[in-house]
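Undergrad: okay, here's the prediction I keep looking at, along with the sequence it came from:
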Amino acid sequence: LTKKHFLRSHNERERQRMHKLNNAFQALREVIPHVRAENKLSKIETLTLAKNYIKSLTSIILNMSNGHFPAAEGMGGVTLIVIVLQHIKKLP
């Protein structure tokens, strides 16, 4: 492969990667509640809102379950989400 062909292939793969990433951010923007602004949310704003939304939902779930998740405070986010999902599956 020539250097020019290699660079074209690399650039195309990078374009596809960025396209997928941008689509994922757009999908995230569509599911997190926020005040609709004239301009779309930036990537950092999207991630920050998503993080805060997850924290809020986690807090609501903990309050609704009367804190029945052991040691929930110091847990990592992924561990807590797994426990919450397991708890939800047990609900009637």
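TA: Yes, it's here.
Undergrad: tell me how this protein divides into domains.
TA: The chain breaks down by automatic domain parsing into domains covering 1-31, 42-92.
Undergrad: what's the neighbour count on residue 61?
TA: 17 (other Cβ atoms under 10 Å). Where C-beta positions appear, they are placed from N, C-alpha and C, glycine not excepted.
Undergrad: quick check: it vs residue 40, distance?
TA: Counting by Cβ to Cβ, to the nearest Å, the gap from residue 61 to residue 40 is 29 Å.
Undergrad: over to residue 47?
TA: 14 Å.
Undergrad: with residue 11 instead?
TA: According to Cβ to Cβ, residue 11 and residue 40 sit 25 Å apart.
Undergrad: one more: residue 53?
TA: Relative to residue 40, residue 53 is positioned 17 Å away (Cβ to Cβ).
Undergrad: these two: which has the busier surroundings?
TA: Neighbour count, other Cβ under 10 Å: between residue 53 and residue 40, residue 53 has more, with 15 against 12.
Undergrad: flag the shaky bits of this structure, pLDDT-wise.
TA: Counting by pLDDT under 70, the chain contains low-confidence ranges at 1, 37, 65-92.
Undergrad: which strands and helices sit next to the helix ranked longest in the chain?
TA: In terms of residue count, the longest helix belonging to the chain (DSSP state H) is helix 3-31. On a contact count with 3 or more Cβ pairs under 8 Å, 6 or more residues apart in numbering; DSSP states H and E, helix 3-31 meets helix 43-64.
Undergrad: appreciated, that's everything.
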